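Enquirer: Predicted model and sequence follow; I will ask about them next.
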Amino acid sequence: MENLKSYVNQNKDRFINELIELLKIPSISADSAYDKDVIKTAEEVKSRLEKAGCDKVEICETDGHPIVYGEKIIDKNLPTVLVYGHYDVQPPDPLDLWTSPPFEPVIKETDLHREGAIYARGACDDKGQLYMHVKALEFMTSTNQLPCNVKFMIEGEEEVGSVNLSKYVKENQDKLSNDVILISDTGMISKDTPSITTGLRGLSYVEVEVTGPNRDLHSGLYGGAVANPINILTKMIASLHDENNHINIPGFYDKVEELSQEERAEMAKAPFSLEKYKKALDIDAVYGEEGYSTHERCSIRPTLDVNGIWGGYTGEGAKTVIASKAYAKISMRLVPHQDWKEITEQFKTHFESIAPKGVTVKVTPHHGGQGYVTPIDNIGYQAASKAYEDSFGKKPIPQRSGGSIPIVALFEEELKSKTILMGFGLDSDAIHSPNEHFGLFNYLKGIETIPLFYKYFTELSK
């Protein structure tokens, strides 16, 4: 495409400043206290899409947070790319671990990001990566180089399980019809090693509650005679893994695909330094399922992790009580072929069955989604590969991700099209954690690469 790099370079300060303004809005979908900010962000996304060149943009109401839909249709005989992203963000807690306020974006230079990185909640996940697509559209429309049709579907509930997106997709299949879906909500191996995510893990998320006595009890008068829900809960959770970190739930592995040694060998070609990995996390050893590498544990194997646990007295000082209740939030990352609803039911049945006498257990499913794999012989993947190769000067490596984007499987089921995951984040970007950031190099490189995908996808579709 003509003048692509020069256009990005000439407008990079404006691109950065526009993203910073978007990051200032605390669009936290999980907390109703921020509902007005979520709406404000949706309106801002609508405005940005209009300015970038969409002919039609609308805010679509749902039973929860709205979806922003936009389109630029230049010729119905040409291919159509549907861009998906989300404008909602994770809660920023714990705030005391941030080196700068999460909604007051700042640019900082680091050893990895000599050009600087934007520090703010949502910088990488997903406002920064979403906004790359808006600016890519701006380039293509302002220079009259848009080679095909484009549609945008930007939601505000991804961080709470895309609660209302399924209904919206099912009710708007004609409106959302497309030839390929393009998402940037993943990452790549490194700044100089591009990669395309070809697989995602599924997810099952549950909350468990263990109840003992009908009130908090004095730990001196009742300790040793009454089941302590916190003690019981921790024992139950500990029993969910064996000594090899294999998950102890009957039927859990029945549908897990065992990759061949050849496939595992190909995955192992991706550059990875165990020492750098440990240093970045400030740990002296890795941990996980026996018989698998660190990368395999994070991508092709299922997991079970406690995301939060609480009960009893946690304030300052001491309060000697046996709590009436104890709670935990647990997530299971699943691999393709594992059905998240089936796994959720297996967990519920097993967890209730291992509860000892003296307590009752309640398991509440929250949300989940299926895993996903994109074949590399798909023309969407091939177009993405050529785009990265042009932009970075080297062919990208296909890799499976440990993360989950539950709606990707839904898209294929309902819209009958494949999803291409063109992520530009890095593992070190601290998404969902304090000090989330997105490198300026990665952000601008995304804007530079995405228009090339449109070019090659249109050419390969002929």
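Expert: All right, it came through fine. From a predicted model like this one, the values you see are computed outputs, not experimental measurements. Numbers count the residues shown, from 1 in each chain.
Enquirer: mind listing the strands for the stretch 251-400 of the chain?
Expert: With DSSP state E, counting those that start in this stretch, the ranges of strands along the stretch 251-400 of the chain come out as 303-311, 321-322, 325-334, 360-369, 372-373, 397-400.
Enquirer: I'd like to know which of those is closest to Glu412.
Expert: Closest to Glu412 of the strands of the stretch 251-400 of the chain is strand 372-373 (C-beta to C-beta; 7.3 Å). C-beta coordinates here come from the backbone N, C-alpha and C atoms, glycine included.
Enquirer: and the nearest residue in space to Ala227 that is not next to it in sequence, what is it in contact with?
Expert: Closest residue in space to Ala227, ignoring its immediate chain neighbours: Gly358 at 3.4 Å, by C-beta to C-beta, 6 or more residues apart in numbering. Gly358 sits next to 212, 226-227, 232 when contact means C-beta atoms under 8 Å, 6 or more residues apart in numbering.
Enquirer: how about 10 Å then?
Expert: If you count contacts by C-beta atoms under 10 Å, 6 or more residues apart in numbering, Gly358 has them with 212-213, 226-229, 232.
Enquirer: Which members of these occur in helices, if any?
Expert: Cross-referencing the contacts of Gly358 against helices under DSSP state H gives 229, 232.
Enquirer: For the contacts of Gly358, give me TSV that also has neighbour count.
Expert: TSV is the format used below for those (neighbours: other C-beta atoms under 10 Å):
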residue	neighbour count
Gly212	25
Pro213	17
Val226	15
Ala227	16
Asn228	24
Pro229	25
Ile232	20
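Enquirer: Farthest-apart pair in the contacts of Gly358, please.
Expert: So, the contacts of Gly358 by C-beta to C-beta: farthest apart are Pro213 and Ile232, at 11.9 Å.
Enquirer: If you count neighbours, what's buried in the lowest-mean-pLDDT helix or strand in the chain?
Expert: Sorting the helices and strands of the chain by mean pLDDT, DSSP states H and E puts helix 261-267 at the bottom, at a mean of 81. Buried residues in helix 261-267, defined by neighbour count with 16 or more other C-beta atoms under 10 Å: Met267.
Enquirer: Ok, stretch 198-217 next?
Expert: Buried residues in stretch 198-217 (16+ other C-beta under 10 Å): 198-206, 208-213, 216-217.
Enquirer: same thing with stretch 76-93?
Expert: 78-92.
Enquirer: And the residue in the chain sticking out farthest from the centre, how far from Asp13?
Expert: The centre of the chain is farthest from one residue, Leu221, which by C-alpha atoms, centre = their mean lies 47.7 Å away. Going from Leu221 to Asp13 by C-beta to C-beta, to the nearest Å gives 68 Å.
Enquirer: Off-centre distance for the helix or strand hosting Ile39?
Expert: Using DSSP states H and E, Ile39 sits within helix 35-52. Remark: helix 35-52 is offset 21 Å from the chain centroid, using C-alpha atoms, centre = their mean, to the nearest Å.
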